[in-house]
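>>> what's the 3D shape of this:
(one chain, ligands or ions: 1)
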Amino acid sequence: MIGLSHATVRFGARTVVDRLSFSVPIGRSLAILGPNGRGKTTALRAMLGFQRLHAGSRTAPSIVGYVPQVSVNNQRLRAIDIAVMGRAAHLGLFRQPGDEDYAVARTALNRTGAAGYAEQPFDRLSGGERQLVLLARALATGSEVLVLDEPAAALDLHNQERLLVLLESLRQERHKAIVFTTHDPNHALAAADDALLMMPDGSALFGPVAETVAPAHLERLYGVPMRTVELSGPAGALHRAVLPAFAGARAG
Ligand SMILES: Nc1ncnc2c1ncn2[C@@H]1O[C@H](COP(=O)(O)OP(=O)(O)OP(=O)(O)O)[C@@H](O)[C@H]1O
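The predicted structure follows:
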């Protein structure tokens, strides 16, 4: 289980997270949505203990698979070396990763679609490729909790689909608690049980995606008119999607 209880974070006079409560048990996935600068990353960092709480409390296990939004790496490490770092918590202080750790890391790179550049220097990879390697590092921890900060941000449409299929398969296995932030409400519909909408007025709405990821709430969230559409998915079945009313306006 991971979450916050009545958590408050302030930067100077500004309250960015205001008495926020939510919890994600093992077996459930939560998508966090909100406008730029609203406090999504701050809430994740607070949950993980990287950001001091002014009030309230947090719950998190000692090992979490975490993919931060921005990662800078100046060392000439290969992608596989980055992925195997996920094993660090399982190693003693001076123990080097062994064959088994590399096998776990390679399986994780396979799962995220990054196996093809396992041997390449991480700092020469594109932003999207790095994202998939960092996701593999998070999986390689074997933690029952994954926290992903905008995992789709740098990904092309093919890799967004790959990510969503991966998140959805992890969700259906029900072995992990998963928290991810996103700017695309359809990613919440595709891969989350619940959504937390961090509203611009400082309030928050938490609940099942079927109730929260709906045009009326999203209009309040983003200040943009939203519409529900029905689309046939890859297997032909109809899926609900939400789009801003400006989508395709010129083409229409
Ligand atoms: N260490 C800090 N000191 C001062 N202000 C900070 C600090 N960290 C974040 N902030 C501010 O807190 C606000 C929330 O930032 P945060 O990164 O949590 O937003 P976000 O919802 O994740 O945004 P985005 O969608 O743009 O990634 C921003 O205005 C940011 O400038």
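>>> what about stretch 46-58, near the ligand?
No - Stretch 46-58 does not reach the ligand (CB under 6 Å from any ligand atom); its nearest approach is 7.7 Å. For the C-beta atoms, the positions are set from N, CA and C on the backbone; glycine is no exception.
>>> Show me how far that stretch is from its chain's centre.
Relative to its parent chain, stretch 46-58 has a centroid offset of 18 Å by CA atoms, centre = their mean, to the nearest Å.
>>> same question, stretch 86-101
25 Å.
>>> what about it, average pLDDT?
Here stretch 86-101 scores 82 as its mean pLDDT.
>>> tell me how far the ends of that stretch are from each other?
End-to-end span of stretch 86-101 (CA to CA, to the nearest Å): 9 Å.
>>> Give me the buried stretch members for that stretch, please.
Gly86, Arg87, Pro97, Asp101 (16 or more other CB atoms under 10 Å).
>>> would you say His158 is within a helix?
Yes - applying DSSP: H, G, I helix; E, B strand; the rest coil, one finds His158 inside a helix.
>>> Check what pLDDT it gets.
90.
>>> how near is it to Ala31?
To Ala31, His158 is 21 Å away according to CB to CB, to the nearest Å.
>>> before we move on, the earlier item: so which of the buried residues of stretch 86-101 reach the ligand?
Counting by CB under 6 Å from any ligand atom, no member of the buried residues of stretch 86-101 reaches the ligand.
>>> would you list those in JSON lines and tack on secondary structure and distance to Ala140?
Shown next, in JSON lines, are the buried residues of stretch 86-101 (DSSP: H, G, I helix; E, B strand; the rest coil; distance: CB to CB, whole Å):
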{"residue": "Gly86", "secondary structure": "helix", "distance to Ala140": "3"}
{"residue": "Arg87", "secondary structure": "helix", "distance to Ala140": "6"}
{"residue": "Pro97", "secondary structure": "coil", "distance to Ala140": "10"}
{"residue": "Asp101", "secondary structure": "helix", "distance to Ala140": "8"}
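>>> Find the pair from those with maximum spatial separation.
Gly86 and Pro97 (9.6 Å; CB to CB).
>>> shared neighbours of these two, which are they?
Ala105 (CB atoms under 8 Å, 6 or more residues apart in numbering).
>>> returning to what we had before: who has more neighbours out of His158 and Ala31?
Neighbour count, other CB atoms under 10 Å: between His158 and Ala31, Ala31 has more, with 27 against 10.
>>> Okay, and the beta partners of the more buried one?
Ala31 has these beta-bridge partners by DSSP bridges: Phe180, Ala195.
>>> Against Pro225, how distant is it?
From Ala31 to Pro225 the distance is 21 Å (CB to CB).
>>> what does Leu167 give?
Distance of Leu167 to Pro225, given as CB to CB: 28 Å.
>>> Looking at these two, which is more packed in?
Neighbour totals were compared for Leu167 and Pro225, and Leu167 leads with 24 against 12 (other CB under 10 Å).
>>> what residues are up against the residue nearest to the more buried one when sequence neighbours are not counted?
Setting aside the residues directly before and after it, Leu167 is nearest to Ala191 in space (CB to CB, 6 or more residues apart in numbering), at 3.8 Å. Taking CB under 8 Å, 6+ apart, we find Ala191 in contact with Ser29, Ala31, Leu164, Leu167, Glu168, Arg171, Phe180.
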